[in-house]
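Trainee: Fold the following for me, if possible:
(one chain, ligands or ions: 1)
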Amino acid sequence: MLNSLTIAISKGRILDETLPLLEKIGIVPDEDPDKSRKLILGTNQSNVKLIIIRATDVPTYVEYGGADVGIAGKDVLLEHDSSELYEPLDLGIAKCRLMLAEPVQKKSGNGRLRIATKYTTAARQYFTNQGVQVEIIKLYGSMELAPVLGLADKIVDLVDTGNTLKANGLKATETIYHISSRLVVNKAAMKLKREQIKKLITALEKVI
Ligand code: AMP
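Mentor: Presented below is the predicted three-dimensional model:
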């Protein structure tokens, strides 16, 4: 008897780039996740289910066993910052860079540097390693606005083509982290469903 296996994935770029990988290893959802309103989807393999959740919730579901495995961006994992997850495989998808960026036309600031970002853990770690004291301002989106409106001197954000930065008069100055999506595994599931999870990892390794 095969154990059931629940895989957590987020909609958008990660789902779009994961579905072809799953198909290559013989896992196909019963319905198109982009069109279905269901949050739990069955697949052609009776013991494998997909759950479709917010990207930032993927590590939480996997850590607490709501899902056995998940696919999450390294940016999300850096912020989740837990030692309770195994991260056995870099899937090499949804690649981008976490970068420091500033206005092309630098404004002269006085006092401590202010950094606006959604990625406060990664940003704090970066500036600590640099030995630079900064004030970090947490935002949940549209970080590019912060320097334009004088909320911050610089931002830390994900950059793919660089078009968003350019459109807002910003330029990237440093790469903080090369980001891609990773397979994460619940620690208990790794023991209890070892055979199945090993099989999944080996199959994915062959197609990435
Ligand atoms: P770009 O204009 O191509 O540099 O893309 C930058 C925008 O896309 C920013 O708002 C990022 O937050 C977002 N972005 C780029 N790559 C990713 C990714 N792999 N995952 C999530 N968001 C991303």
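
Trainee: give me the number of residues near Leu158?
Mentor: 17 (other Cβ atoms under 10 Å). In this view, the C-beta of every residue, glycine as well, is placed from N, C-alpha and C.

Trainee: mind checking the SS state of it?
Mentor: Per DSSP: H, G, I helix; E, B strand; the rest coil, the secondary structure class of Leu158 is strand.

Trainee: OK, contacts around it?
Mentor: Each residue near Leu158 by Cβ atoms under 8 Å, 6 or more residues apart in numbering is listed here: 75, 96-99, 119, 179.

Trainee: quick one, strands of this protein?
Mentor: Shown for the chain, the strands assigned by DSSP state E span residues 5-10, 40-42, 48-53, 69-73, 85-90, 96-103, 113-117, 134-138, 154-159, 170-179, 181-186.

Trainee: The residue lying closest to Leu85 once chain neighbours are set aside bridge partners, please.
Mentor: Closest residue to Leu85 apart from its sequence neighbours, by Cβ to Cβ, 6 or more residues apart in numbering: Val184 at 4.7 Å. Beta-bridge pairing for Val184 (DSSP bridges): Gly70.

Trainee: contacting residues around the residue nearest to the spatial centre of the chain?
Mentor: By Cα atoms, centre = their mean, the chain has its centre lying nearest to Gly73, at 2.0 Å. Residues near Gly73 by Cβ under 8 Å, 6+ apart: 14, 55, 94, 179-182.

Trainee: That one and Ala67: what is the separation?
Mentor: Using Cβ to Cβ, to the nearest Å, Gly73 is found at 16 Å from Ala67.

Trainee: ok, back up a step: pretty sure the residue nearest to Leu85 contacts Ser82?
Mentor: No - with contact defined as Cβ atoms under 8 Å, Val184 does not reach Ser82; the gap is 9.5 Å.

Trainee: check contacts around the closest residue to Ala167 other than its chain neighbours.
Mentor: Nearest non-adjacent residue to Ala167, counting by Cβ to Cβ, 6+ apart: Glu144, 7.9 Å away. Counting by Cβ under 8 Å, 6+ apart, Glu144 makes contact with 101, 155, 157, 164-165, 167-168, 170.

Trainee: Under the pLDDT cut-off, which ranges of this structure? List them.
Mentor: By pLDDT under 70, the weakly predicted segments of the chain are 1.

Trainee: residues from it in reach of the ligand?
Mentor: 13, 73, 94, 96, 157-164, 179 (Cβ under 6 Å from any ligand atom).

Trainee: Return the member of those residues nearest to Pro29.
Mentor: Arg13 (17.1 Å; Cβ to Cβ).

Trainee: Was I right to think that closest one contacts Ala94?
Mentor: Yes - look at Arg13 against Ala94 with Cβ under 8 Å: they come within range, at 4.7 Å.
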